[in-house]
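S.K.: My questions concern the predicted model and sequence given below.
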Amino acid sequence: MRRLRELAARTPAGRERYVDLLRALAIILVVLGHWAVAAITYDAAGNPTGRSALPELPWAYPLTWVVQVMPVFFVVGGFANAASLTAHRQWGGDATGWLLGRSARLLRPTTALLVVLAAGALVARLVGAEAPLIRTVVWFATIPLWFLAAYLVVVPLTPVTYALHRRFGLAVPVALAALVAAGDLGRALGPAELALPNYLFGWLAVHQLGFAWQEARSGTPAAGAPGASTGGGTAGTDRDRTAGPGGIRSRRLPMSRRAGAAMLLGGLVVAALLTGPGPYPISMINIPGEPLDNAAPPSVALLAVTTAQLGLILLLRDAAERWLRRSRPWQAVIAVNGVVLTVFLWHLSAVILLVGALDAAGVLPTPPPGSAAWLAWRLPWVLMLTVVLAVLIAVFGPVEGRTRRPAAARPPTDAPAGGGRPAWGDRRRATARTALTAAAFAAVVYALVANSTAPKEAAEPLGVPVPALVAYLGGAGVLRVLRSGWGSRG
């Protein structure tokens with residue numbers, strides 16, 4: 001508690017605390033949503049198995065418009081990435097150095113998860129567990145990694161997409177939304193693979209909205225104007241936050257209550273038309289058996305819901321900021337954000353541990369999904385999972401906590417000594433460093449995608465496909481070496 005009080009007291013006055021709150025709430029809602037819809041049964045071999053109960057809960061489909069909060073995480077990510085990138089550049093750092101810094105927060109907790117799961121799988125195999133069963137368990141525990149794979153594609157593109165935002169403003173997400181619509185059309189007409197680029201276009205569109213919010217919040221003047229700010233830490237006046245040229249080329253997100261109401265109403269109307277008389281399913285979360293999935297890859301319907309969510313966020317912003325000026329709420333937000341990725345990565349492992357313990361004790365309830373008994377079991381189920389997850393956070397949370405560093409606390413190591421132009425040898429090392437960083441990120445993304453797409457009952461003795469595990473550890477290792485300073489100075 002003392003540490004939290006100290007961090008809260010050191011919070012800059014101009015910090016957009018609401019963004020931190022949204023990040024924490026988004027992950028908490030994801031966790032609670034996954035836990036709440038879990039249906040645990042026994043398979044033909046007598047082993048516990050799990051699946052989503054949503055197919056039996058059609059009345060819950062509209063609720064997914066609220067609990068599908070991955071778009072909120074990407075908006076918040078865009079805000080944070082824009083602020084940290086501009087701050088890094090203020091210190092004279094380059095895009096590669098910024099990307100290496102971001103990789104630490106994302107990959108250290110992920111590495112801990114994969115290493116522990118692989119080690120546990122190896123032990124289970126040595127004591128006689130079947131490889132397909134091991135793979136099924138690890139596959140379930142690593143479901144959250146599909147989202148991380150998408151985010152790890154978006155983050156390295158930030159220097160490029162932020163430059164596009166500075167040049168074209170809100171026209172960029174509009175153009176990306178048009179590409180998503182084209183992908184949806186391809187998915188409808190076939191083959192379905194025509195929609196695969198939507199994994200990139202859809203999440204990039206949402207990420208760009210975070211850039212626009214950050215510029216509105218910082219009160220950044222137009223590019224090239226005298227006194228233009230590159231940071232995100234100063235608040236500016238209310239006029240600053242909404243100033244600038246209007247229209248699609250504006251770089252700033254409209255922040256007024258009127259704009260929020262328009263986004264909320266417009267997004268809901270479009271989403272209702274697309275999912276009612278339109279061809280899209282009502283649920284924003286995948287329903288097995290549905291011919292179309294709104295989230296994988298992102299669809300136009302999901303972008304409409306994202307617009308409505310953003311409108312609601314803007315309407316609640318002023319009240320939330322006032323509440324977050326109080327010490328205890330802000331300390332709670334700091335505490336959750338300190339382990340937010342750990343919470344996300346380990347919440348399904350908590351399910352595995354609890355199901356295993358209850359099954360071993362012979363007291364695992366398996367009521368039919370949607371029944372009164374199943375609904376009554378939700379509260380004790382979630383409470384027990386919270387306890388298990390709290391233990392996992394206590395064990396693995398420090399891994400994430402050690403990666404937290406104050407933004408722009410010191411000049412980055414990639415800044416040229418003396419502030420001059422790098423010598424030829426330094427430029428060559430910088431080029432090699434950038435190429436290695438890109439290759440390492442590509443290896444990590446390949447590994448996470450390969451794991452997510454591999455059959456969940458494949459005979460994988462380590463749970464994770466060996467080529468994917470090798471690629472991940474190799475990519476993460478290269479990034480760790482680069483973060484240590486290799487190639488950043490002459």
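M.R.: Received, thanks.

S.K.: Just give me the residue right at the centre of the chain.
M.R.: Geometric centre of the chain, nearest residue: Phe73, 5.1 Å, by Cα atoms, centre = their mean.

S.K.: can I assume that residue is in contact with Ala26?
M.R.: Yes - at 4.6 Å, Phe73 counts as touching Ala26 under the criterion of Cβ atoms under 8 Å. All C-beta atoms are positioned from the backbone trio N, CA, C, and that covers glycine.

S.K.: isn't there a strand covering Gly50?
M.R.: Yes - looking at Gly50 with DSSP: H, G, I helix; E, B strand; the rest coil, it is inside a strand.

S.K.: Now do it against Val137, distance only.
M.R.: Gly50 sits 10 Å away from Val137, going by Cβ to Cβ, to the nearest Å.

S.K.: how many neighbours does Trp381 have?
M.R.: 19 (other Cβ atoms under 10 Å).

S.K.: ok, it - contacts?
M.R.: Trp35, Ala38 (Cβ atoms under 8 Å, 6 or more residues apart in numbering).

S.K.: At which residues are the strands of the stretch 1-150 of the chain located?
M.R.: 38-42, 48-52 (DSSP state E, counting those that start in this stretch).

S.K.: What ranges does the stretch 201-350 of the chain have for its helices?
M.R.: Listed in chain order, the helices found in the stretch 201-350 of the chain under DSSP state H, counting those that start in this stretch are 238-242, 257-275, 300-324, 327-338, 340-360.

S.K.: re the thing from before, list the contacts of the residue nearest to the centre of the chain.
M.R.: Contacts of Phe73 (Cβ under 8 Å, 6+ apart): Arg23, Ala26, Ile27, Phe147, Tyr151.

S.K.: let's go with 7 Å and repeat that
M.R.: Arg23, Ala26 (Cβ atoms under 7 Å, 6 or more residues apart in numbering).

S.K.: Read off the pLDDT value for it.
M.R.: Here the pLDDT value assigned to Phe73 is 93.

S.K.: Against Val115, how distant is it?
M.R.: 24 Å.

S.K.: cool, and Arg429?
M.R.: Arg429 is 30 Å from Val115, by Cβ to Cβ.

S.K.: Skip the chain neighbours and tell me the closest residue to Leu354.
M.R.: Distance criterion Cβ to Cβ, 6 or more residues apart in numbering; nearest residue to Leu354, sequence neighbours excluded, is Val388 at 5.1 Å.

S.K.: any idea how far that neighbour is from Ser484?
M.R.: 35 Å.

S.K.: Have a look at those two and say which one is more surrounded.
M.R.: Neighbour tally, Val388 and Ser484, criterion other Cβ under 10 Å: the higher count belongs to Val388, 18 against 10.

S.K.: Now do the contacts for the more buried one.
M.R.: Val388 touches Ala350, Leu353, Leu354, counting by Cβ under 7 Å, 6+ apart.

S.K.: And it, which helix or strand is it part of?
M.R.: helix 372-401 (DSSP states H and E).

S.K.: can you give me the mean pLDDT across that helix?
M.R.: 95.

S.K.: Give me the buried positions along that helix.
M.R.: By 16 or more other Cβ atoms under 10 Å, the buried positions in helix 372-401 come out as Trp374, Trp381, Leu385, Val388, Leu389, Leu392, Ile393, Phe396, Gly397, Val399, Glu400.

S.K.: out of these, which one sits closest to Arg217?
M.R.: Relative to Arg217, the closest of the buried residues of helix 372-401 is Glu400; by Cβ to Cβ it sits at 25.6 Å.

S.K.: I figured the closest one hits Pro109, correct?
M.R.: Yes - under the criterion of Cβ atoms under 7 Å, Glu400 makes contact with Pro109 at 4.5 Å.

S.K.: Quick check: neighbours shared by these two?
M.R.: With Cβ under 7 Å, 6+ apart as the test, Glu400 and Pro109 both reach Leu341, Thr342.

S.K.: which intervals of the protein have sub-threshold pLDDT?
M.R.: Scanning the chain for pLDDT under 70 picks out 219-247, 403-426, 486-490.

S.K.: So which other helices or strands are in contact with the longest helix along the chain?
M.R.: Ranked by residue count, the top helix of the chain under DSSP state H comes out as helix 95-126. Counting contacts by 3 or more Cβ pairs under 7 Å, 6 or more residues apart in numbering; DSSP states H and E, helix 95-126 packs against helix 70-90, helix 131-141, helix 340-360, helix 372-401, helix 424-453, helix 466-483.

S.K.: ok so, going back, now tabulate the buried residues of helix 372-401 in JSON lines and tack on distance to Pro367.
M.R.: Formatted as JSON lines, the buried residues of helix 372-401 follow (distance: Cβ to Cβ, whole Å):
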{"residue": "Trp374", "distance to Pro367": "4"}
{"residue": "Trp381", "distance to Pro367": "10"}
{"residue": "Leu385", "distance to Pro367": "16"}
{"residue": "Val388", "distance to Pro367": "20"}
{"residue": "Leu389", "distance to Pro367": "22"}
{"residue": "Leu392", "distance to Pro367": "26"}
{"residue": "Ile393", "distance to Pro367": "29"}
{"residue": "Phe396", "distance to Pro367": "31"}
{"residue": "Gly397", "distance to Pro367": "33"}
{"residue": "Val399", "distance to Pro367": "36"}
{"residue": "Glu400", "distance to Pro367": "35"}
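
S.K.: Tell me the buried residues in stretch 147-157?
M.R.: Counting neighbours by 16+ other Cβ under 10 Å, stretch 147-157 gives Phe147, Leu148, Ala149, Ala150, Tyr151, Leu152, Val153, Val154, Val155, Pro156 as buried.

S.K.: Closest to Gly202 out of those?
M.R.: Using Cβ to Cβ, these come closest to Gly202 at Ala150, 8.9 Å.

S.K.: Quick check: Ala171 touching Ala212?
M.R.: No - counting by Cβ under 7 Å, Ala171 stays clear of Ala212, with 10.8 Å between them.

S.K.: Comparing the two, which residue is more hemmed in?
M.R.: Ala212 (24 against 17).

S.K.: Does the more buried one touch Pro254 like I think?
M.R.: No - assessed by Cβ under 7 Å, Ala212 is found out of contact with Pro254, at 8.8 Å.
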